[in-house]
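# Output the structure for:
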Amino acid sequence: MDPERARALVDGWLDTSPEGRYLSDTEAALLLGCYGVHVAQFRTVTTEDDAVEAAEEIGLPVAVKATGAQWRHRPDLSGVRLDLVDAEAVRSAYRDLAAASGDPLMHVQKMASKGIGCAIRVQDDPSFGALISFGLAGVISDLLGDRAYRVLPLTEDEAIELIDAPKAAPLLSGYRNAAPVDKSAIVEFVQRISALADDLPEVRELVCEPLLASSSGAELTDAHVRIGPEPHPLDLGPRRLR
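Numbers count the residues shown, from 1 in each chain. Here you go, the predicted structure:
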């Protein structure tokens, strides 16, 4: 991990946006990389030719994703085209998504290994300070509120307890003879996110979803980060416990 580089990045972004802002996808990946958290390789493209070139550079198969907020994490997957195995499939996916979204800006991303989608989030709470949550990704978990919460920072034992706490957590352990996922990879991932959020109180919101967990590890395909001034201990709003 490289917390000094992460600190320099955040300070530089806040110098130009002192009120805070959401980081771009590239900036978010850069910040997470300082803590050994890697988003599956992607490229930002604005034309069909760029999309094909990016796919060939990354290595097929790839996914093409619309970048607008309203197209991310939709349960109908209408904002993404998966498992594209050749240039013509990439071109067709780009054209379809550009027409549907009205935006030429797309991501071409290396296909991650299939797995169970998980969601890890960090947010400020007025009563408890910085909280980290864990649950399975998807609309059902969101509707039912099936998420567990802990105060930062986390020990390894606390990280294990966090990922075992949601009601749907048995799916990770091989429910009904399914292959269990590598839970140690999720535990390590959660601890790295905990370290980042604890070192950088200017990270006011962080969403890693989905983290695809499988028997071979865990791969992150999308992350959103919002930075802002560090909360003051006397603020009536969000604060951190020390």
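# Which strands or helices does the helix of greatest length in the chain pack on?
In the chain, assigned by DSSP state H, the helix with the most residues is helix 183-199. Contact here means 3 or more C-beta pairs under 8 Å, 6 or more residues apart in numbering; DSSP states H and E; on that basis helix 183-199 packs against helix 3-16, strand 116-125, strand 129-136, helix 156-164, strand 203-214, strand 217-220. Using the backbone N, CA and C atoms, a C-beta is placed for each residue, glycine as well.
# For the last one, buried residues please.
Of all the residues in strand 217-220, those buried under the rule 16 or more other C-beta atoms under 10 Å are 217-220.
# do the fourth one as well
Neighbour counts using 16+ other C-beta under 10 Å place 158-160, 162-163 of helix 156-164 among the buried residues.
# pLDDT averaged over that helix - what is it?
Averaging pLDDT along helix 156-164 gives 97.
# Return the distance of that helix from the chain's centre.
19 Å (C-alpha atoms, centre = their mean, to the nearest Å).
# Same check on the first one?
Using C-alpha atoms, centre = their mean, the mean C-alpha position of helix 3-16 is found 20 Å from that of the whole chain.
# ok, now stretch 171-186?
With C-alpha atoms, centre = their mean, you get 20 Å for stretch 171-186.
# for it, how far is the first residue from the last?
This stretch, stretch 171-186, spans 14 Å end to end (C-alpha to C-alpha, to the nearest Å).
# which residues sit against that stretch?
Under the criterion C-beta atoms under 8 Å, 6 or more residues apart in numbering, residues 115-116, 118, 136, 160, 163, 211, 213-218 lie in contact with stretch 171-186.
# Could you list the buried residues of the lowest-mean-pLDDT helix or strand in the chain?
Every helix and strand of the chain was ranked by mean pLDDT, DSSP states H and E. The lowest is helix 139-144, at a mean of 88. Going by neighbour count (16+ other C-beta under 10 Å), the buried part of helix 139-144 is residue 141.
# try stretch 164-177
For stretch 164-177, using 16+ other C-beta under 10 Å, the buried residues are 165-166, 168-169, 171-172.
# swap in stretch 99-116?
101, 106-112, 115-116.
# circling back to that earlier point, let me know the closest of the buried residues of strand 217-220 to residue 205.
residue 220 (16.3 Å; C-beta to C-beta).
# what's the spacing between residue 119 and residue 147?
Using C-beta to C-beta, to the nearest Å, we find residue 119 at a distance of 8 Å from residue 147.
# which neighbours do those two share?
Joint contacts of residue 119 and residue 147 (C-beta under 8 Å, 6+ apart) are 133-135, 141.
# Nearest to residue 65, out of these: which one, please.
Among the shared contacts of residue 119 and residue 147, and counting by C-beta to C-beta, the member closest to residue 65 is residue 141, at 21.2 Å.
# Report the contact partners of that closest one.
119, 135, 147, 166, 168.
# Tell me the bridge partners for the residue nearest in space to the middle of the chain.
For the chain, the residue sitting closest to the mean C-alpha position, by C-alpha atoms, centre = their mean, is residue 208 at 2.2 Å. Going by DSSP bridges, residue 208 is paired in beta bridges with residue 120, residue 223.
# Can you give me every residue that contacts it?
Here residue 208 is in contact with 32, 37, 119-121, 189, 193, 220, 222-223 (C-beta under 8 Å, 6+ apart).
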